[in-house]
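Enquirer: Sequence first, predicted model second:
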Amino acid sequence: MKINSICIVGGGSSGWMTAAALSKNFPNIDFTLVESDINPVGVGESTLGSFNGFLRYLGLKDEDWMPYCNATYKTSIAFKNFREGNGERFQYPFGFGNDEIYNTNYFYHLQHHYPEFYPPEEGARFLNFQTLLAESNRYTNDYIEGMNYNSKYNTAYHFDATLFGKFLKENMAIPNGVKHIVGDIKYCTKDEGGYLKAIHTDDGRTFSADLFIDCTGFKSLLLEDFMGVEFQGYDDYLFNDMALATQIPYVNKDEQMRSWTDCIAMDNGWVWEIPLWHRIGTGYVFSSKYTTPKDAEREYRGYLAQQFNEEISKNAKFKLIKIKHGRHNNAWEKNVLGIGLSYGFIEPLESTGLMTTHENILKFADVLSGVNNNIVGQKERDFVNLYINNLTDEMALFVSLHYYLSSRNDNSYWVDCINNKSIVDNWVLGKKNKLNDKTKEQLNLFLKIGSEKWNNQPKAGDVIIAIGQGINPLSKRIYKEDIEHKEFLDELEKVHEIYQKKKNQLLENLKTLPTHFEYLKNNIYGRNT
């Protein structure tokens, strides 16, 4: 199949991100975007570090787009009340991690040897000093002495996704020649080979293309409804299926404009807090199996009153969103490619909403740029599907671990989360056979807590989450055997001394940096507060 023309169906952030990226990098292809005048979901406001790759692909600098989208920086994700529900918070920072001396084997031993210095939340600091940057709520694009930090790779963003789509539409896609059509699709037609031939709008217009990209959100109008690609849910290990979303004003910008996304565990799910430049985006993600929307709203208003004030709680207007978590068996079927929600969604935890948008775009672009004369076939489709499916399934597992590794048992929701045997059945034992061997091996290690000695496990995200949840797989028996060797005990005490000195020095140095709000005011938004 030779691709000379592409029709993108659906606008919103996914549609215009697709249109901007592809039209910029494939100027010889004819692009059309057809969208209805219905407002998109538009809740996604937080990204992962991989979003930087998409910005580089677009050639965008922060000052180009951030002011337009009320964007702020994000250096970490914080999890509060996930371990015990008593106000504890641990960070999951971005970045490359610390030098080799700061490894998990030392940390597990230090937790036994100096328990007062190494509570679970210390793990992220020990393994990645960027945690200190986040907790200090400071920011810089410059090199930080003693910290393995690079803002171009170790920083993500909070922003208004709807405004981001509009920015790309007006500043990239339309100037690049993308034809914009407003209309509702009435029906579609196929050719004799089962390929999508054309879409037909309710006002009688017809649009044909070599490739159609489905950006119609949860409806999945082309990929699922028309092409019949089966959807498989993550219901057995991700319980949350609804969200209440709202927007609240700042009371004190300098303090509340944090450089992290806050995730606060609740009775039946969790609350997000995302600081944009002009407001805070917040919402309660919950499971309808354990509570009703009415009871969830009551619980959420109580949280807002306690976290902010009674007036904010009383005046908050909520948007109820139904979450369809899971993915389609293929993202690319014949000449239809699903991007964003039309392909799949996990849940808002870990900011995965936009991930299936920019990763699908970039992988398709990689394939298209590597083929001869824009000709693609089954092997290209297989490559994209294998990559995207595996990435999405691994992220779904990662998200489920946040609940499974918790020690909360204060109600039926959390009891079922920490006793969720589906995670073991489907992932570890491989009944669904989706994950690569490395991920299965890591999860197997978590399930063998205390049964064997861990040596220098990687500073991967799942390890940091497990440590923050209070998991230490090093048994006291093995710890005692290790420190009986004087050489190891001397080594451990030396690591403790080096770490504490380095941490305190960094904390002092970070005080000289501007706060997150000050940096944005002076470098992105000018002095308009």
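Expert: That came through fine. The shown structure was predicted, so the numbers you read here are calculated from the model rather than taken from an experiment.
Enquirer: quick one, strands of the stretch 201-350 of the chain?
Expert: 206-208, 211-214, 231-233, 242-248, 260-266, 269-275, 280-286, 319-322, 326-328, 332-333, 336-338, 344-345 (DSSP state E, counting those that start in this stretch).
Enquirer: Output those as TSV; include the columns distance to Y303.
Expert: Quick note: C-beta positions are derived from backbone N, CA and C, even for glycine. Listed next are the strands of the stretch 201-350 of the chain as TSV, based on distance: least, C-beta to C-beta, whole Å:
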stretch	distance to Y303
strand 206-208	46
strand 211-214	36
strand 231-233	28
strand 242-248	11
strand 260-266	7
strand 269-275	6
strand 280-286	8
strand 319-322	17
strand 326-328	28
strand 332-333	41
strand 336-338	35
strand 344-345	24
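Enquirer: Between those strands, which one is closest to R381.
Expert: strand 332-333 (4.5 Å; C-beta to C-beta).
Enquirer: Would you mind measuring from the nearest residue to G302 once chain neighbours are set aside to I321?
Expert: Closest residue in space to G302, ignoring its immediate chain neighbours: S313 at 7.5 Å, by C-beta to C-beta, 6 or more residues apart in numbering. S313 sits 20 Å away from I321, going by C-beta to C-beta, to the nearest Å.
Enquirer: T352 too?
Expert: For T352, the distance to I321 - C-beta to C-beta - is 15 Å.
Enquirer: more neighbours, these two?
Expert: T352 (23 against 17; other C-beta atoms under 10 Å).
Enquirer: That one and N150: what is the separation?
Expert: 23 Å.
Enquirer: again, but for P473
Expert: 31 Å.
Enquirer: Equivalent analysis for F54, please.
Expert: 17 Å.
Enquirer: The two: which is more packed in?
Expert: Per other C-beta under 10 Å, whichever of F54 and N150 has more neighbours is F54, with 21 against 15.
Enquirer: can you give me phi and psi for the closest residue to that one other than its chain neighbours?
Expert: Nearest residue to F54, sequence neighbours excluded (C-beta to C-beta, 6+ apart): H358, at 3.9 Å. Dihedral pair for H358: phi -70, psi -30, per degrees, to the nearest 10.
Enquirer: Now do H358: how many residues are near it, please.
Expert: Counted with other C-beta under 10 Å, H358 comes out at 26.
Enquirer: Next, A396: secondary structure please.
Expert: Here A396 is recorded as helix under DSSP: H, G, I helix; E, B strand; the rest coil.
Enquirer: which SSE is G49 in?
Expert: Assigned by DSSP states H and E, G49 falls within no helix or strand.
Enquirer: got the contact list for the closest residue to it other than its chain neighbours?
Expert: Leaving aside its chain neighbours, G49 sits nearest to F94 (4.7 Å; criterion: C-beta to C-beta, 6+ apart). Taking C-beta atoms under 8 Å, 6 or more residues apart in numbering, we find F94 in contact with G49, K74, T75, S76, Q130, N154, T155, A156.
Enquirer: can you pull the contacts of the fourth one?
Expert: Contacts were defined as C-beta under 8 Å, 6+ apart; by that measure S76 touches Q91, Y92, P93, F94, Q130, T131, A134, S259, W260, T261.
Enquirer: looking at it, the third one is touching A78, isn't it?
Expert: No - using C-beta atoms under 8 Å, P93 makes no contact with A78, being 9.4 Å away.
Enquirer: out of those two, which sits in the busier spot?
Expert: Set P93 next to A78 and count neighbours by other C-beta under 10 Å: P93 wins out with 26 against 23.
Enquirer: Look up the residues forming beta bridges with the more buried one.
Expert: S76 (DSSP bridges).
Enquirer: so how far is M172 from A71?
Expert: Counting by C-beta to C-beta - A71 and M172 are separated by 16 Å.
Enquirer: can you count the residues close to S5?
Expert: 15.
Enquirer: so what's E135 closest to, chain neighbours aside?
Expert: Q91 (6.5 Å).
Enquirer: Kindly check the end-to-end length of stretch 268-279 for me.
Expert: Using C-alpha to C-alpha, to the nearest Å, the end-to-end distance of stretch 268-279 comes out at 26 Å.
Enquirer: Now it: buried residues?
Expert: N268, G269, W270, V271, W272, E273, I274, P275, L276, W277 (16 or more other C-beta atoms under 10 Å).
Enquirer: And stretch 76-90, by the same measure?
Expert: 76-85, 88-90.
Enquirer: Need these in TSV (columns: pLDDT).
Expert: Below are the buried residues of stretch 76-90 laid out as TSV (pLDDT from 0 to 100):
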residue	pLDDT
S76	94
I77	95
A78	96
F79	96
K80	96
N81	96
F82	95
R83	92
E84	89
G85	87
E88	93
R89	95
F90	96
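Enquirer: picking up where we left off before, max pairwise distance over the buried residues of stretch 268-279: which two?
Expert: Pairwise across the buried residues of stretch 268-279, and taking C-beta to C-beta, the largest span is found between N268 and W277, at 31.1 Å.
Enquirer: Please consider this matter closed, and thank you.
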